[in-house]
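> All I have is the shape, not the residue letters:
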């Protein structure tokens, strides 16, 4: 890129910054944020459903009564009352913790960053699912971690594959620092580990002496009335659990948390103070006030119904419209389905044509560090209405996948250049 | 510590985490936050002076009219309108920037973190003032930077010392990545670089080809009616400028920013997305609404008057009460004076006795990475009332410094063990 050649500081960057370049795909997603495009790409929660008037009056009350606290620096670990409330919020997923075990962060993305900062030297291995959350991959890469993918099936991370990956690292003399997993309503795979699967994974991690990093932003957003029990509910010393209010309340507040063993928690707090001094009291007390005065669990239930209806719209229309050879996961909660395209179709190559047809998705390659995922894409149903979702799937089928199939039958596959940099939208592009 | 020996993950931490341990001094500052203690230790702005009712109604208006934006993910670079407003906020310090040059962060501490992340490999040198801001030292250490202090005088960073430090690094084959400076109302030194001094420092940095990191949280908080012009006002390619709303509006919002050359800015945005996805829209739009609807500069002027009165109380009482041999800087803005104690008094050793006498300060050693500063302490006048400040100084004199002098005259100096970990209060302890 011309821009890079003109950068006077090009020789001054840290080694970890070498991969920090913007990709052309980002520009495509910027186009995809136009209102005429049906975006099945982003992971924006449908915050329009929030009781804004009630939140407004509770924030106003907060500022007039405790403004001198809300507007002030807080402590590095996070507000004490909020940490007590977080313990209650985690009760449904079975996590029993003391408020002192909790570190509040600026979204759970930051908790991912802190855990990586505390544990990972360059070259250390982190085992992640195949595919895995793009934001986690970004953090791991920014610490020069050796990210290795482990196979999933319809129940998520495959225990045998995890054991094999650990053994292979041991044999290769590589140090595995973390096993990163999203057990419930996986982003992007849309699958959920059953209770037995979770127990197997925990046992493998314990036997290997590797810390399990359990990311659970969607745990309360199941559609079948059941709340999967967190892996952390069975082991308080071998698991760091990450939670978030981004999907149960609002992403714009940037309030998440980590639950960690005592000594780890202490290091996370010191790392957080280096990173941001302290999380925002304004955001934290707003969450605290919301939990205290609003029927927050009723709102979570309303979100569940809303997202279930959208999931149904996606699944029904895919069933009706997608050509033979297309398969997908059936999420029982969360925001995403993972679609595998008919043989020969490259989801990355197809994206510009999809955007031209006014529909957007994230190509599967964005969720791997190693170029896997070309035949796959993530479809999100969290933000558009059911009608828009159905319309988007029809466009994806009618004008794009079928056309790709025709092209392949006529010309065969063309090799695709994978651009550098993030191959997923920015956080605010739905 | 027993706790460390019991940590099952003690062998799993990254090299950068080895220094992340809590110190006993932290416990002392926790005691110092009790209301009966006059704390001259922390750097908490006096947010009680804010127009809380006006802020409350503007936040309520924001949520009812644009709640779906405020509660949603934003983009990694920060809200476009806020970035435009930040350009106006920087006009008084002479920084001319395009909104696209700005990255909004969760407080300017996070901007420090991102710049270090993008530029510093372990072992790289960052030159800092002697003494320097403790939060910056924490960031640099967390990236295993070789921090080297450069002498200051009554006008801040000494150009000759800077040149010598750069030459010494060059000779030693060390790579200097950043020159970190706080030109206006220095924390903790309480001094300000004059215009000529700034020009000299910039020229030295330019000639050495080293990026200047200019930290300016207090720039608008001068007491003499003049606003020092930022170094960045003379060079947009060789300086990264950090700004903050923590002292001009409210620290609890956690909104700061960096102004950086184009290619650097791009990397900072990608680093920020890895760290936190995006800054809080809720906080950003609250700041934006406040700037749009409130007479924000009048409030800054009110803060100036308030802090000037407190500074005067500190200086007057020190003049009246401190024993011969005690010297201090006379700040013309900001929050701090740097006090050098009479020969033989160790400020770190004295701290427990000061806290027992119900007055707290930060020992000078907290602002160095190399054990310098034992004869010094930082006194903050930002948070207590003038009466409390005067009372605190009297306590510091009458019951503590004089007693130390007596002890030294009787027994001589005792060696002091410096505890590991942060030797300064957490962010919320005034």
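It's in. These figures come from a predicted structure and were not determined experimentally. Numbering: from 1, shown residues only, chains lettered A, B, ... in the order given.
> Residue A:92 and residue A:301, how far apart?
Using CB to CB, to the nearest Å, one gets 11 Å for the distance from residue A:92 to residue A:301. From N, CA and C alone the C-beta is placed, and that goes for glycine too.
> Number of residues surrounding residue A:409?
The local packing of residue A:409 (other CB atoms under 10 Å in any protein chain shown) involves 9 other residues.
> do the same with residue A:231
For residue A:231, the number of neighbouring residues by other CB under 10 Å comes to 27.
> Contact partners for it?
With contacts defined as CB atoms under 8 Å, 6 or more residues apart in numbering or on different chains, the neighbours of residue A:231 are A:181, A:183, A:198, A:201-202, A:212, A:214, A:239, A:241.
> List only buried entries from these.
With neighbours counted using 16 or more other CB atoms under 10 Å in any protein chain shown, those contain these buried positions: A:181, A:183, A:198, A:201-202, A:212, A:214, A:239, A:241.
> and the stretch 101-250 of chain A, which of its residues are near chain B?
Counting by CB under 8 Å from any CB of the partner chain, the residues of the stretch 101-250 of chain A lying close to chain B are A:106-107, A:109-110, A:113, A:117-121, A:124, A:135, A:138-139, A:141-142, A:177, A:211, A:237-238, A:246, A:250.
> Turn the buried ones among those residues into a named ChimeraX selection, would you?
Those of these that count as buried under 16+ other CB under 10 Å are selected in ChimeraX with:
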select /A:106,107,109,110,113,117,118,119,120,121,124,135,138,139,141,142,177,211,238,246,250
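> Of the residues of the stretch 101-250 of chain A next to chain B, which belong to strands?
Among these, the ones falling in strands (DSSP state E) are A:177, A:211.
> For my notes, confirm residue A:338 occurs in a helix.
No - according to DSSP: H, G, I helix; E, B strand; the rest coil, the state of residue A:338 is strand, so it is not within a helix.
> Surely it and residue A:190 touch.
Yes - counting by CB atoms under 8 Å, a contact exists between residue A:338 and residue A:190, whose distance comes to 5.1 Å.
> what is in contact with the two at once?
Shared contacts of residue A:338 and residue A:190, defined by CB under 8 Å, 6+ apart, comprise A:328-329.
> For burial, what's the neighbour tally of residue A:188?
30.
> tell me the contacts of it?
Neighbouring residues of residue A:188 by CB under 8 Å, 6+ apart: A:131, A:133-134, A:336, A:338, A:362, A:364, A:367, A:378.
> Tell me the one of those residues nearest residue B:75?
Taking CB to CB as the measure, residue B:75 lies nearest residue A:134 of the contacts of residue A:188, at 15.5 Å.
> Measure how buried the spatially closest residue to the closest one that is not a sequence neighbour is and give me the count.
Using CB to CB, 6 or more residues apart in numbering or on different chains and skipping the chain neighbours, the partner closest in space to residue A:134 is residue A:424 (4.7 Å). Counted with other CB under 10 Å, residues neighbouring residue A:424 total 26.
> Determine the three-state secondary structure at residue A:424.
When the structure is split into helix, strand and coil by three-state DSSP, residue A:424 lands in coil.
> where do the strands sit along the stretch 201-350 of chain A?
Remark: strands of the stretch 201-350 of chain A, listed N- to C-terminal, are A:211-215, A:239-244, A:256-259, A:327-328, A:336-340; assignment by DSSP state E, counting those that start in this stretch.
> Taking the stretch 251-400 of chain A, what residue is nearest to chain B?
Residue of the stretch 251-400 of chain A nearest chain B, by CB to the nearest CB: residue A:263 (3.5 Å).
> Now name the helix or strand holding the residue nearest to that residue when sequence neighbours are not counted.
Once flanking residues are discounted, residue A:263 sits nearest to residue B:7: 3.5 Å by CB to CB, 6+ apart. Following DSSP states H and E, there is no helix or strand that holds residue B:7.
> now the one 3 residues further on
Assessed by DSSP H and E, residue B:10 sits outside every helix and strand.
> Over to it: give its phi and psi.
Here the main-chain torsion angles of residue B:10 (degrees, to the nearest 10) amount to phi -60, psi -30.
> That one reaches residue A:261, doesn't it?
No - with contact defined as CB under 8 Å, residue B:10 does not reach residue A:261; the gap is 11.0 Å.
> Neighbour count for the two, which is higher?
Summary of the neighbour comparison: residue B:10 and residue A:261, criterion other CB under 10 Å, with residue A:261 having more neighbours (19 against 10).
> Now do the same contact list for that one.
Contacts for residue A:261 (CB under 8 Å, 6+ apart) come out as A:101, A:236-238, A:240, B:7-9.
> So what's the model's average confidence on the longest helix seen in chain A?
Here the longest helix in chain A is taken by residue count, with DSSP state H as the criterion, and it is helix A:296-321. Along helix A:296-321, the predicted confidence averages to a pLDDT of 97.
> likewise stretch A:201-216?
Here the average pLDDT along stretch A:201-216 is 98.
> likewise stretch A:409-423?
What stretch A:409-423 shows for mean pLDDT is 68.
> Burial check on residue A:167, number of neighbours?
Residue A:167, neighbours per other CB under 10 Å, totals 11.
> Now it: which helix or strand?
For residue A:167, the element it lies in under DSSP H and E is helix A:159-171.
> same for that helix, what does it pack against?
In terms of contact count using 3 or more CB pairs under 8 Å, 6 or more residues apart in numbering or on different chains; DSSP states H and E, helix A:159-171 is assigned the packing partners strand A:125-130, strand A:146-153, strand A:176-181, helix A:195-208.
> Would you mind pulling the contact partners of that helix?
The set of residues external to helix A:159-171 that reach it, using CB under 8 Å, 6+ apart, is A:125, A:127, A:148, A:150-151, A:175-176, A:179, A:197, A:200-201, A:204, A:208, A:210.
> Now do the same for that helix: mean pLDDT, whole number.
The pLDDT scores in helix A:159-171 average 98.
> Domain-wise, how is chain A divided?
Taking automatic domain parsing as the domain assignment, the ranges for chain A are A:20-49+A:298-411, A:52-293.
> Lowest average pLDDT across those?
Between the domains of chain A, the one with the least mean pLDDT is domain A:20-49+A:298-411; it has a mean of 92.
> Quick one: end-to-end distance for it.
Domain A:20-49+A:298-411 has an end-to-end distance of 35 Å (CA to CA, to the nearest Å).
> hmm, it touching chain B?
Yes - if you take CB under 8 Å from any CB as the test, domain A:20-49+A:298-411 does meet chain B, through A:20-22, A:44-45, A:47-48.
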